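Trainee: from the sequence below, what's the structure:
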Amino acid sequence: MRLDGNEGQVVCDDLLDVSGTLDLSELRIYPSTQALEAVIANIHGIDSNQVLVTAGADDGLMRMCRAYLSPGNNLVLPEPTFEMIKRFATWCFADIVSTRWTEGDYPLDAVVDAVNVNTALIAVVTPNNPTGGVISGAALRRLSERCPNRMLMVDCAYAEFADEDVTQVALSLPNAVVFRTLSKALGLAGLRVGYAMGPASAIAKLRAAGMPYPVSAPSLKFAKTALARRFESRQYIERVRVERSILTEMLTDYGALVASSQGNFILARTPKALWWRDALAGFGIGVRVWPDNDCLSDAVRITCPGNLADFNRLVTALESLVNPQALLFDLDGVLADVSQSYREAIRQTAQIYGVTVTNADIERCKRAGHANNDWSVTQALLASRSVHVPFEDVKSTFESLYWGTSDRRGLCLDESFIGCIEKLKKLSVKMPLAAVTGRPRRDALMFLERFDVRECFTTVVTMEDAPLKPDSAPVLAALTRLGVSRAWMIGDTRDDVEAARGANVLPIGVVTPTDTEPDVSRDNLLKAGAARVLNQWTDVEDYLP
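Mentor: Take a look at the predicted model:
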């Protein structure tokens, strides 16, 4: 679920029907924007020569920078704001005069104070991206009056979500150009259609500062229909406003500092911003962070989904991230070092059937997935060398090696505990723990009892209880037994990660201590969707609330 780009939801479900009305001649000739510009002019009560259709609002912003900025003059830019504006100005070799706008209303006085003899443009992004702050219509008029010889670049991409749309105020000013888009409230970012409106003389300059045919014929046709039906977006806009309010209250309760936003997004500040991003990615949700930006290094921007199902999914993920109810553990490679037990049993079983298997061979098999049963892994490794042994024979040989016989010590006695037992016991006091393993129950309980940690686990889910991971069934079984819905799971294989994600549980990876290629394992776990890959399970304490 992409909540990092602030795209809106498409509100015209049957918009694709417009494609059936396209004529081949419309695809053959260069497309004219005049018809759409006339529609836009009619909507806003202005002349067509005051409108320029562009390839998204950012194309219009770039044109304005080209038209008014040059070496030796400058742009006054309240920051943080839409990052492309600064880039466009830099492309024009103009100077940037930055003022701070991290919260509250547009910093009118600071902006006016920053204006100097070389100022050509003043940026006004309202609602501001990424903070959601705004300028009022009255303040916009005052800015125009106090800086009459400077052009105001008024980016209103999120205007529909604001309490006050300042578009008409901007259109009444002699030194302002306002920019709008179909990407947000109408959910049509894929069309790449935006438009600029302002004094005819300014629009003429913008028209000359870019390509003559900025938008394709199909996009123009879709846009015309969407604008005619723009009122259908009202329900979606109201839904976003409700979600915005709920998220603000919820994340504030969890200790984040949430800016008052009037966009289709919220901006939350937390010292764990990067962890939030990675954790939400573990749930399959993308959000935006700025780790290299001094103003935003602690910020997370989350787009409001605008529909109930996606919003519930987001809320559940956020609640699981900041307030997990339980912690689930895989055993092998996480709590149990099985390099001299299960892994050795695989190697020795294969050797009995004339096949030499290395630890690297086993790791590759585990990384490939669907490898939660070591008996099956052994049989597959034998088959890969064209040695076909019945499953029951492989299992019997493996078990005699693992558990031992009357005249041979069992490999199970060579298992060791990974990490600190005392830390596990303290963690079990803090929250319920569950073991979710592909081991047989006898093997799992033997290990936990041998190291005196059985009482740490409220429940133990084994191969007898549910289908093996990557099926989500064993993870779901653990949640049911614990009576919880929000949890984190620590595992060392892609099967663990996929099972957790399937159960809507936060997946955290660890690298097996004896892994000969830990970087490859990290990459494999991250590709499978792990939120983070830790060196050892004890590191999870750094992320727990």
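
Trainee: where does this structure dip in pLDDT?
Mentor: Scanning the chain for pLDDT under 70 picks out nothing.

Trainee: got phi/psi on the residue most central in space within the chain?
Mentor: By C-alpha atoms, centre = their mean, the chain has its centre lying nearest to residue 286, at 1.0 Å. With angles defined as degrees, to the nearest 10, residue 286 sits at phi -100, psi 130.

Trainee: that one pairs with what?
Mentor: Assessed by DSSP bridges, residue 286 has beta-bridge partners residue 2.

Trainee: from what I can see it touches residue 4, true?
Mentor: Yes. At 4.3 Å, residue 286 counts as touching residue 4 under the criterion of C-beta atoms under 8 Å. To be clear about C-beta, it is placed using only N, CA and C from the backbone, and glycine gets the same treatment.

Trainee: hmm, back to that, now do the same contact list for the residue nearest to the centre of the chain.
Mentor: 1, 2, 3, 4, 280 (C-beta atoms under 8 Å, 6 or more residues apart in numbering).

Trainee: and if you look at residue 391?
Mentor: 375, 376, 379.

Trainee: what about 6 Å?
Mentor: residue 379 (C-beta atoms under 6 Å, 6 or more residues apart in numbering).

Trainee: residue 191 versus that one, what's the distance?
Mentor: Separation of residue 391 from residue 191 (C-beta to C-beta, to the nearest Å) stands at 56 Å.

Trainee: where do the domain boundaries of the chain fall?
Mentor: Structural domains assigned to the chain are 15-232, 234-322, 326-333+417-542, 341-414, following automatic domain parsing.

Trainee: export those domains as JSON lines, with columns for distance to residue 9.
Mentor: Conversion of the domains of the chain to JSON lines gives the following (distance: least, C-beta to C-beta, whole Å):
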{"stretch": "domain 15-232", "distance to residue 9": "5"}
{"stretch": "domain 234-322", "distance to residue 9": "4"}
{"stretch": "domain 326-333+417-542", "distance to residue 9": "22"}
{"stretch": "domain 341-414", "distance to residue 9": "34"}
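
Trainee: ok, which of those domains comes nearest residue 8?
Mentor: Across the domains of the chain, residue 8 has its closest neighbour in domain 15-232 (3.7 Å, C-beta to C-beta).

Trainee: pull the distance from that closest one to the chain's centre.
Mentor: Centre-to-centre, domain 15-232 and its host chain are 27 Å apart (C-alpha atoms, centre = their mean, to the nearest Å).

Trainee: can you check stretch 340-358 too?
Mentor: Between the centre of stretch 340-358 and the centre of its chain there are 42 Å (C-alpha atoms, centre = their mean).

Trainee: repeat for stretch 279-297
Mentor: In this view, stretch 279-297 has its centroid 7 Å away from the chain centroid, taken as C-alpha atoms, centre = their mean.

Trainee: once you drop chain neighbours, what's closest to residue 512?
Mentor: Closest residue in space to residue 512, ignoring its immediate chain neighbours: residue 333 at 4.0 Å, by C-beta to C-beta, 6 or more residues apart in numbering.

Trainee: any idea how far the one you found is from residue 339?
Mentor: 9 Å.

Trainee: what about the two, which has more around it?
Mentor: Comparing residue 333 with residue 339 by neighbour count (other C-beta atoms under 10 Å), the higher total belongs to residue 333, at 25 against 19.

Trainee: angles on the backbone of that one, please.
Mentor: For residue 333, the backbone dihedrals (degrees, to the nearest 10) come out as phi 90, psi -10.

Trainee: returning to that earlier point: report the buried members of the contacts of residue 286.
Mentor: Buried members of those, scored by 16 or more other C-beta atoms under 10 Å, are 3, 4, 280.

Trainee: please name the nearest non-neighbouring residue to the first one.
Mentor: Once flanking residues are discounted, residue 3 sits nearest to residue 303: 4.1 Å by C-beta to C-beta, 6+ apart.

Trainee: tell me how many other residues surround the one you found.
Mentor: A total of 26 residues lie near residue 303 under the criterion other C-beta under 10 Å.

Trainee: tabulate the buried ones among the contacts of residue 286 (JSON lines), appending distance to residue 81.
Mentor: Formatted as JSON lines, the buried ones among the contacts of residue 286 follow (distance: C-beta to C-beta, whole Å):
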{"residue": "3", "distance to residue 81": "20"}
{"residue": "4", "distance to residue 81": "17"}
{"residue": "280", "distance to residue 81": "24"}
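
Trainee: could you single out the nearest of the residues you listed to residue 175?
Mentor: For these, the nearest to residue 175 is residue 4 (34.5 Å; C-beta to C-beta).

Trainee: helices of the stretch 251-400 of the chain, start to end?
Mentor: Under the criterion DSSP state H, counting those that start in this stretch, the stretch 251-400 of the chain contains helices at 273-282, 308-322, 342-352, 359-368, 374-384, 391-403.

Trainee: so which of those is nearest residue 469?
Mentor: Distance to residue 469, taken as C-beta to C-beta, is lowest for helix 359-368 among those, at 11.6 Å.

Trainee: give me phi/psi at residue 101?
Mentor: phi -140, psi 80.

Trainee: contacting residues around the residue lying closest to it once chain neighbours are set aside?
Mentor: Here the nearest residue to residue 101 in space, its sequence neighbours aside, is residue 78; by C-beta to C-beta, 6+ apart that works out to 3.7 Å. Residue 78 is in contact with 99, 101, 107, counting by C-beta under 6 Å, 6+ apart.

Trainee: test my guess that residue 65 contacts residue 90.
Mentor: No. Judged on C-beta atoms under 6 Å, residue 65 makes no contact with residue 90 at a distance of 9.0 Å.

Trainee: those two: who's more crowded?
Mentor: Taking other C-beta under 10 Å, residue 65 and residue 90 do not tie; residue 65 has more neighbours (27 against 14).

Trainee: which of the three states applies to that one?
Mentor: Following DSSP: H, G, I helix; E, B strand; the rest coil, residue 65 is assigned to helix.

Trainee: gap between the spatially closest residue to it that is not a sequence neighbour and residue 96?
Mentor: Among residues not flanking residue 65 along the chain, residue 88 sits closest, at 4.0 Å (C-beta to C-beta, 6+ apart). Residue 88 is 11 Å from residue 96, where distance means C-beta to C-beta.

Trainee: just want to know which of the two has more residues nearby.
Mentor: Higher neighbour count among residue 88 and residue 96: residue 88, with 22 against 15, using other C-beta under 10 Å.

Trainee: that one is in contact with residue 63, isn't it?
Mentor: No. At 8.9 Å, residue 88 does not count as touching residue 63 under the criterion of C-beta under 6 Å.

Trainee: in stretch 245-253, which residues are buried?
Mentor: Quick answer for stretch 245-253 (16+ other C-beta under 10 Å): 247, 248, 250, 251.

Trainee: quick check, the first one in contact with residue 266.
Mentor: Yes. Residue 247 is within contact range of residue 266, at 4.9 Å (criterion: C-beta under 6 Å).

Trainee: from residue 443, how far out is residue 82?
Mentor: Using C-beta to C-beta, one gets 57 Å for the distance from residue 82 to residue 443.

Trainee: more neighbours: which of those two?
Mentor: Taking neighbours as other C-beta under 10 Å, residue 82 and residue 443 compare with residue 443 leading, 24 against 20.

Trainee: check contacts around the more buried one.
Mentor: With contact taken as C-beta under 6 Å, 6+ apart, residue 443 is in contact with no other residue.
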